[in-house]
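[1] Quick one: sequence plus predicted model below, questions after.
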Amino acid sequence: MENNRNLFLAIALSFIVLFGWQYFVAGPQLDAERARQEELAAQEAAKQADTANQETASSTTPHVATDGSATVPGTATATRGVVPASTDEVLAQSARIEIDTPRLSGSINLTGARMDDLHLKDYRETLDEDSPTIVLLSPSGTAKPYYAEFGWVDSAGNADLPKAGTIWSAEEGAKLTLDTPLVLTWDNGAGLTFTRTISVDKNYLFSVTQSVKNNTDAALALYPYGLISRHGEQKTSGLYILHEGLIGVAGDEGLQEVDYGDLEENKIEQPAKVSNGWVGITDKYWATAVIPPQGQPFQPTFRYAQVAGKPAFQADYLGDAVSVAAGSNAEYQTSLFAGAKEVSTINQVEETTKALNFDLMIDWGWFYFLTKPMFAAIDFLYGVFGNFGVAILLITVIVKAIFFPLANKSYASMSKMKLMQPKMEEIKKQYPDDRQAQQQATMKLYQEEKINPLAGCLPIVIQIPVFFSLYKVLYITIEMRHAPFFGWIQDLSAPDPTNLFTLFGLIPWDAPHFLMLGIWPLIMGITMFVQMKLNPAPPDPTQQMIFNWMPILFTFMLASFPAGLVIYWAWNNSLSILQQATIMKRHGAKVEIFKNISDTFSRKKKET
């Protein structure tokens, strides 16, 4: 019994350390960092206002390495204005082609043929139906430029190629829709005609075909490139369970995850040249990625630079030279993903483009072999019942059913141990001052009665990987974002919005972070307390204190966790109480929940 309690205690303390760090350290640090970033942003805005007589524009200029090889355009700076303008003002400054699909809206800038204005129609910033749709891409000149660009470079640097300032032409009335691709053209006036054909599918996948017609009398070798550039300080969740930043897959080198801070320090990260993979930038729920044709060599690179005094992050690739003989044509096709990281959509992009391991765009983590099946099961049940909260309740029942035989053995062993309590008390009286003799006699009793002292911890051990896989699913998958349950829970991925310390909204008080305690966390804490009281308190006073305080600590710590996770834990506790009580009765052990609870408070009164 002592070994069993010690193991249970060790596991419980591990949970306390983990959640305590999350609640009392990571949370406040994240809030402080956000406040610091906001202050820095305000200071930067003040500086920009003082230099409003300047103008800046970010441009991409082809570079040629000293060895004569071509490199992807980097982000250069021309001092022409540093005060960000509104998106509407910037959009009005250039000719644009509208993007309009059932799921996307925005425009393509004819200057540079940049894809720099994109809204996701299916998603809004908040639960409010009037809330603005999610803005994914924004043009240069706004507060947060974020765009994709494609083009050609040459090693010699002699050819007049389209650049960021090139004005492309389109047919009058052109519009990019599911049924009407966009065709852009530009003639350099020196024998080269460039065409760019852009199409989009029903989700978020763009196909970009670059072609060049060589009307000169000399052969030409051009290198295709694609890049995604994002400017400004980037705010992330700051949690170790989720990568937000630059990302890609580089052939055999596998997944590349580059944090904003690391890239700012190192300036450039360049995996080996590969023939399969992709590069991009990912947020928690949204992402962009350029996908070169698989099977053809390309050089992936992640870069950092300063643009108008702001950090600029770039993910790009450079393809091998494409030969264009005199009087002939050549083309190069690239894919661009720009949208929500829906699991089904990400899988469809991987299937369509054959992009190597594109499913890793979603951060399933090291335990993906548990996390992905957990999501698949929840998503299937959602398809049947139409509610992710109900799906979580049902998946809890299914997990309980899968481990039912093991749990039965565990609870049966715990019941036997409870029946052995009188004999164990006799052993303590027999060897009051000899702890080693007590342990030897206790182990002999276990062997005679065929009791496994560790069996009672198995239900807890089993629950740990299930808990973390569900936590990962709730935290990273966009399907859980703004997914309602019932009543006041309108977003399973967010904490319970109610709060005991404001009397659930009756007191108009903005309670601090550590005093956020909703109804579901309270239910979870009560069920945890009742479950622990199925067995009498341990004889050791220190263990008694820890077990008595544990439900309270967990209640406060889980209050800031996603509501779906807290609902799962409360429901799992309830099922465990029912299961353990039933098995204890079957084995002749008394279920003395109310007596044990009464004894707990009686001891506290005696101590005071």
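    Looks like it came in fine. Not measured: the values here are computed from a predicted model.

[2] Can I take it that Ala287 is in a strand?
    Yes: under DSSP: H, G, I helix; E, B strand; the rest coil, Ala287 sits within a strand.

[3] Quickly list what it is bridged to.
    Beta-bridge pairing of Ala287 under DSSP bridges involves Thr282, Gly339.

[4] Test my guess that it contacts Lys341.
    Yes: using CB atoms under 8 Å, Ala287 makes contact with Lys341 at a distance of 5.4 Å. Backbone N, C-alpha and C define where each C-beta goes, glycine included.

[5] what is in contact with the two at once?
    Met361 (CB atoms under 8 Å, 6 or more residues apart in numbering).

[6] Secondary structure element for Ile198, which one?
    strand 192-200 (DSSP states H and E).

[7] now do Ala148
    Going by DSSP H and E, Ala148 is in strand 146-153.

[8] Direction included, what does the strand holding Ile198 pair against?
    When DSSP bridges is applied, strand 192-200 pairs with strand 182-187 (antiparallel), strand 205-214 (antiparallel).

[9] winner for burial among the ones you listed?
    strand 205-214 (a mean of 20; mean count of other CB atoms under 10 Å).

[10] what's that strand in contact with?
    So strand 205-214 is contacted by 115, 150-152, 191-201, 220, 222, 224, 226, 324-339, 348-349, 352-353 (CB under 8 Å, 6+ apart).

[11] repeat for stretch 481-493
    By CB under 8 Å, 6+ apart, stretch 481-493 touches 123-124, 127, 285, 387-390, 392, 474-475, 480, 496-498, 519-520, 562-564, 567.

[12] Could you list the low-confidence segments of the stretch 501-608 of the chain?
    513-514, 535-541, 543-544, 587, 591-592, 594, 596-597, 599-608 (pLDDT under 70).

[13] Where do the helices of it begin and end?
    519-532, 541-558, 563-586, 593-607 (DSSP state H, counting those that start in this stretch).

[14] tell me which strands and helices the shortest one is in contact with?
    Where contact means 3 or more CB pairs under 8 Å, 6 or more residues apart in numbering; DSSP states H and E, helix 519-532 is packed against helix 541-558, helix 563-586, helix 593-607.

[15] quick one: it to chain centroid distance?
    28 Å (CA atoms, centre = their mean, to the nearest Å).

[16] mind listing what's buried in that helix?
    By neighbour count on 16 or more other CB atoms under 10 Å, the buried set for helix 519-532 is 519-525, 527-532.

[17] burial count for Asp316?
    Residues contacting Asp316 under the criterion other CB atoms under 10 Å number 24.

[18] Can you tell me the SS state at it?
    From three-state DSSP, the assignment for Asp316 is strand.

[19] who does it bridge with?
    Leu227, Thr301.

[20] Identify the residues contacting it.
    Val72, Tyr225, Gly226, Leu227, Ile228, Val279, Val290, Pro300, Thr301, Arg303.

[21] again with Leu127
    His482, Gln490, Asp491.

[22] which one in the protein is furthest away from the centre?
    Gln430 (57.7 Å; CA atoms, centre = their mean).

[23] Give me the pLDDT for that one.
    Here the pLDDT value assigned to Gln430 is 81.

[24] which non-adjacent residue is nearest it?
    Ala441 (7.2 Å; CB to CB, 6 or more residues apart in numbering).

[25] circling back to that earlier point, select only the buried ones of the contacts of stretch 481-493 in ChimeraX?
    Here is the ChimeraX command that selects the buried residues among the contacts of stretch 481-493 (16+ other CB under 10 Å):
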select :123,285,387,388,389,392,474,475,480,496,498,519,520,562,563,564,567
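
[26] hmm, back to that, okay, the strand holding Ala148 in CSV with CA atoms only?
    Coordinates of the C-alpha atoms in strand 146-153 are reproduced here as CSV (Å, rounded to 0.1, in the frame of the first residue of the first chain):
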residue,chain,number,x,y,z
TYR,A,146,2.9,39.5,-45.4
TYR,A,147,3.1,38.3,-49.0
ALA,A,148,4.1,35.6,-51.5
GLU,A,149,6.2,36.4,-54.6
PHE,A,150,7.5,34.4,-57.6
GLY,A,151,9.9,35.1,-60.3
TRP,A,152,13.2,34.5,-62.2
VAL,A,153,16.8,35.3,-61.6
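
[27] Check which element follows that strand along the chain.
    strand 175-176.

[28] picking up where we left off before, out of the strands paired with strand 192-200, which comes closest to Gln580?
    The closest of these to Gln580 is strand 205-214. By CB to CB, the value is 50.4 Å.

[29] so that closest one versus strand 146-153, what angle?
    30 degrees (axes from the mean of the first three to the mean of the last three CA atoms, to 10 degrees).
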